[in-house]
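1. Provided below are the primary sequence and the corresponding predicted coordinates.
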Amino acid sequence: DTGVSQDPRHKITKRGQNVTFRCDPISEHNRLYWYRQTLGQGPEFLTYFQNEAQLEKSRLLSDRFSAERPKGSFSTLEIQRTEQGDSAMYLCASSLIRDNNEQFFGPGTRLTVL
Amino acid sequence: AQSVTQPDIHITVSEGASLELRCNYSYGATPYLFWYVQSPGQGLQLLLKYFSGDTLVQGIKGFEAEFKRSQSSFNLRKPSVHWSDAAEYFCAVPGASGGSNYKLTFGKGTLLTVNP
């Protein structure tokens, strides 16, 4: 078990460009979550998957954001036409479906939009 | 809606001193409660969790927390702080659908500075 991994760890992009982040959860975990964390704040929920189904999306997830988990394993989060306000740390977490289980977090992808 | 409040934005303690970080929650039923720690530039690591049963829970790195329903609190404690404990600490609860592994709502965090 290598834990949750995220790629890239850092991304610098210019405003208006598209970016894509990848998350590989712990292998047997059915649920996968995306959070966003801005400076000085706690993480905020964006969306989550149960296997390949996207079950909930936050109002924070504008139509420029899209997430997929095509085979119920890894997930991607794409941001189109990035804006400076998208600069943040994007955290991925995974967990088992069964209750009484916690979420395990990856190291995050830090996005800077210039 | 479920929420947590961490009243202290920044706390400074001396190495070897005791520590208590406050967390107050708002939750409709018996809550699941978590404390996570985040070192600079890193993701979140689970310190401890409360699901039910014994109200005093032990975690990793010598941390413990006590669930007090009457005060709606879940404060994190450590008897003797080490310089390596300097980090940001987050309290969290799952969302309205219940279940420990539903989406989490985090407090704004408490930044801990440890003086030598």
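-> Great, that's in hand.
2. And for the closest residue to chain A within chain B, the neighbour number?
-> For chain B and chain A, the shortest gap (C-beta to the nearest C-beta) falls at B:Phe106, measuring 3.2 Å. C-betas here are computed from N, CA, C, even on glycine. Other residues lying near B:Phe106 total 22 when counted by other C-beta atoms under 10 Å in any protein chain shown.
3. Surely it touches A:Thr38?
-> No: B:Phe106 is not in contact with A:Thr38 according to C-beta atoms under 8 Å; the separation is 11.9 Å.
4. follow-up on the earlier one: quick one: contacts for the residue of chain B closest to chain A?
-> With C-beta atoms under 8 Å, 6 or more residues apart in numbering or on different chains as the criterion, the residues that contact B:Phe106 are A:Gly42, A:Pro43, A:Glu44, B:Val4, B:Tyr36, B:Phe90, B:Cys91, B:Ala92.
5. Please report how far the second one lies from chain B.
-> A:Pro43 sits 5 Å away from chain B, going by C-beta to the nearest C-beta, to the nearest Å.
6. Could you tell me the model confidence score at that residue?
-> As summarised for this prediction, A:Pro43 has a pLDDT of 94.
7. which one is the most centrally placed residue in chain A nearest to, not counting chain neighbours?
-> Nearest to the mean C-alpha position of chain A, counting by C-alpha atoms, centre = their mean, stands A:Trp34 at 3.3 Å. Counting by C-beta to C-beta, 6 or more residues apart in numbering or on different chains, A:Trp34 lies nearest to A:Leu46, which is 4.3 Å off, once chain neighbours are set aside.
8. I figured that neighbour hits A:Lys57, correct?
-> Yes: A contact is recorded between A:Leu46 and A:Lys57 when judged using C-beta under 8 Å, the distance being 7.3 Å.
9. In contact with B:Gln71, which residues?
-> With the criterion set at C-beta under 8 Å, 6+ apart, B:Gln71 makes contact with B:Asn24.
10. brain fart, A:Gly72
-> So, once contact is read as C-beta under 8 Å, 6+ apart, A:Gly72 ends up touching A:Asn30, A:Phe49, A:Asn51, A:Glu52.
11. Could you turn the buried ones of these into a PyMOL selection?
-> Only the buried members of the contacts of A:Gly72 end up in this PyMOL selection, burial being decided by 16 or more other C-beta atoms under 10 Å in any protein chain shown:
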select buried, chain A and resi 30+49
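12. Mind checking which of the contacts of A:Gly72 land in strands?
-> When strands are assigned by DSSP state E, the members of those inside them are A:Phe49.
13. for the contacts of A:Gly72, which one is nearest B:Gln58?
-> Nearest to B:Gln58 among the contacts of A:Gly72: A:Asn30, at 28.0 Å, using C-beta to C-beta.
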